[in-house]
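1. below are the sequence and a predicted model; questions follow.
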Amino acid sequence: EVQLVESGGGLVQAGGSLRLSCVASGFTFDDYAIGWFRQAPGKEREGVSCISVRDGTTYYGDSVKGRFATSRDNAKNTVYLQMNSLKPEDTAVYYCAASLRHGSSWSVPGEYDYLGRGTQVTVSS
């Protein structure tokens, strides 16, 4: 059974940091790219970042560049999203997703094969 399980969300003040984790199981981790998406109430799902598990290539959305960083631990089948300098507009449910496709379509939710259930991130002003 394929599973993507996010953790690490919570409530933080503006300017603070959080680290999200995504633990994958049930598929060949090294073959995939793992993306992070977020969705705020009333808004479309937005691509935050993506990392190729095999070679570590990363991609970031414009709104998080310079503040967020994604990394992976292949031995633990885990991808991380380090979020720094958080802003109230970062408030959303954050999801990780897995895709066999890599590259320029990383921010398109429909390109992903599996999706986690999400973790809530709330940034207070």
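-> Perfect, I can see it now. Just so we're clear, the structure is a prediction, and the values are computed from it rather than from any experiment.

2. can we go C-alpha only for contacts and neighbour counts from here?
-> OK.

3. centroid-nearest residue for the protein?
-> By Cα atoms, centre = their mean, the mean C-alpha position of the chain lies nearest to Trp36, the distance being 2.1 Å.

4. give the helix, strand or coil label for that residue.
-> For Trp36, the assignment made with DSSP: H, G, I helix; E, B strand; the rest coil gives strand.

5. show me the contacts for it.
-> When contacts are counted by Cα atoms under 8 Å, 6 or more residues apart in numbering, Trp36 touches 47-50, 81, 94-97.

6. got the contact list for the residue nearest to it when sequence neighbours are not counted?
-> If you skip the residues right next to it in sequence, Trp36 has Cys96 as its closest partner in space, 4.5 Å away by Cα to Cα, 6 or more residues apart in numbering. Contacts were defined as Cα under 8 Å, 6+ apart; by that measure Cys96 touches 4-6, 22, 34-37, 115-116, 118.

7. quick one, which of the residues you listed are buried?
-> With burial judged by 16 or more other Cα atoms under 10 Å, the buried subset of those is 4-6, 22, 34-37, 115-116, 118.

8. okay, the residues you listed in a markdown table with distance to Ala75 next?
-> Conversion of the buried ones among the contacts of Cys96 to a markdown table gives the following (distance: Cα to Cα, whole Å):
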| residue | distance to Ala75 |
| --- | --- |
| Leu4 | 16 |
| Val5 | 16 |
| Glu6 | 17 |
| Cys22 | 13 |
| Ile34 | 15 |
| Gly35 | 18 |
| Trp36 | 20 |
| Phe37 | 23 |
| Leu115 | 21 |
| Gly116 | 20 |
| Gly118 | 23 |
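
9. right, I'll leave it there.
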